[in-house]
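> Fold the following.
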Amino acid sequence: MKSVALTAFPRKEGRRAGAKKLRAAGRIPAVIYGHNPPQSLEFNVKDIKDVLHGAASEIVLLDLSVKDDAKPKRLALVQEIQHHVLTHEMLHVDLHEVAENEKVTVMVPVEATGEAIGVKTGGGTLEHVLFKLKVRALPKDLPEVLIADVSHLEIGKAIHIGDMKAPPGVEILGDKHISVLAVAAPVSEAQEAATLEAATTPTGEVEMIKEKKEDGTEGEAKPGEKAGAKAGEKAGAKAAAKPGEKAAAKPGEKAAPAAEKAGEKKAEKKK
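Take a look at the predicted model:
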């Protein structure tokens, strides 16, 4: 990666009011981090915008010249740019100072080239799983983007981190089995309808089922009705009967055969 020349100026006012004055005067506040303590800087708005708009990606290597500074020449990477939420105007720039002979780790965007055969002939969809990959290299070897040729991808196939080709001097980090780009099978209308139905069906509802009466109508037994009485009778009968004994005979029923035989034996002895 080629460095881009940019001039910066030391910044003395570090408060929010000072930052507003800088922006009103056409300057952008910035901070440079690195091996040395952080230092407050400022840029001309036009200069920093020209550098960023001319870059091929968000990774920009700066050949920084700091006016009237003890260390006038620095090599730095643009680390973060803060923008206004509504106007999207640039508010602040964070820089990270690097050394020419020291490897750095950055996130590099991934771009796909070509048309996947699974999309062209099979109606599949190209899915961009990872938009950035972590790489490690010397500042001069850092790529602006990583290119992946997807022309050979059929439906169900993918390009993994291990399949990505790194430029000379660049190491791509991460699990080599993770997909970066993939071609998914086309979704049928029935599948889309099922997915939509599943997404719109309310969950967590419980269906209440009522007991049916003997006549087929739905409802519940009222307190004191036969259902409760029968339950009480059964419970009383079980409680009265001792283990090993038979239930007492109901009024009007014949006595148990064992009792009858006992009575007959007593009558014979009297005779």
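
> Now for the protein, the helix or strand with the poorest mean pLDDT.
In the chain, no helix or strand scores lower on mean pLDDT, DSSP states H and E than helix 226-240, which sits at a mean of 46.

> what secondary structure does Val51 sit in?
When classified by DSSP: H, G, I helix; E, B strand; the rest coil, Val51 comes out as helix.

> Could you check how far it is from Pro167?
Going from Val51 to Pro167 by Cβ to Cβ, to the nearest Å gives 22 Å. Every C-beta, even on glycine, is put in place using the N, C-alpha and C of the backbone.

> would you list every one of the helices in the protein?
16-24, 45-53, 117-120, 189-200, 226-240, 257-270 (DSSP state H).

> Could I get the CA-only coordinates of stretch 28-36 as CSV?
Provided in CSV are the C-alpha atoms of stretch 28-36 (Å, rounded to 0.1, in the frame of the first residue of the first chain):
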residue,chain,number,x,y,z
ILE,A,28,-11.0,18.9,11.8
PRO,A,29,-9.7,17.8,15.2
ALA,A,30,-7.7,14.6,15.3
VAL,A,31,-5.7,12.4,17.7
ILE,A,32,-2.7,10.2,16.9
TYR,A,33,-2.0,7.1,19.0
GLY,A,34,0.9,4.7,19.0
HIS,A,35,4.2,4.1,20.8
ASN,A,36,4.3,7.7,22.1
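
> ok, and what's touching that stretch?
Here stretch 28-36 makes contact (Cβ atoms under 8 Å, 6 or more residues apart in numbering) with 8, 11, 18-19, 22-23, 38-45, 48, 64, 71, 74, 76, 79, 90-99.

> go with 7 Å
With Cβ atoms under 7 Å, 6 or more residues apart in numbering as the test, stretch 28-36 has contacts from 8, 11, 19, 22, 38-43, 45, 48, 74, 76, 90, 92-97.

> Please point out which parts of it sit buried.
Neighbour-count burial for stretch 28-36 flags Ile28, Pro29, Ala30, Val31, Ile32, Gly34 (criterion: 16 or more other Cβ atoms under 10 Å).

> Surely Leu91 and Gln82 touch.
Yes: with contacts defined as Cβ atoms under 7 Å, Leu91 counts as touching Gln82 at a distance of 4.6 Å.

> The two: which is more packed in?
Taking neighbours as other Cβ atoms under 10 Å, Leu91 and Gln82 compare with Leu91 leading, 15 against 12.

> What about Ala193, how many residues nearby?
By the measure other Cβ under 10 Å, the count of residues near Ala193 is 10.

> what about it, distance to Ile117?
Taking Cβ to Cβ, one finds Ala193 at 28 Å from Ile117.

> Then Leu52?
Leu52 is 37 Å from Ile117, by Cβ to Cβ.

> show me where pLDDT drops low in this protein?
13-18, 188-192, 195, 201-271 (pLDDT under 70).

> just the strands in it please.
For the chain, applying DSSP state E gives strands covering 4-10, 27-33, 39-44, 61-66, 73-83, 90-98, 104-113, 125-128, 132-137, 146-149, 158-160, 171-172, 179-184.

> In TSV: those strands, plus distance to Ala199.
TSV is the format used below for the strands of the chain (distance: least, Cβ to Cβ, whole Å):
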stretch	distance to Ala199
strand 4-10	48
strand 27-33	45
strand 39-44	48
strand 61-66	46
strand 73-83	34
strand 90-98	39
strand 104-113	29
strand 125-128	19
strand 132-137	29
strand 146-149	32
strand 158-160	26
strand 171-172	37
strand 179-184	18
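
> what's near enough to touch the residue lying closest to Val60 once chain neighbours are set aside?
In this structure, Val60 finds its nearest non-sequential neighbour in Val78, 4.4 Å apart by Cβ to Cβ, 6 or more residues apart in numbering. Contacts for Val78 (Cβ under 7 Å, 6+ apart) come out as Val60, Leu62, Val93, Leu95.

> residues in contact with the third one?
For Val93, the contact set (Cβ under 7 Å, 6+ apart) comprises Ile28, Ala30, Phe43, Ile48, Val78, Ile81.
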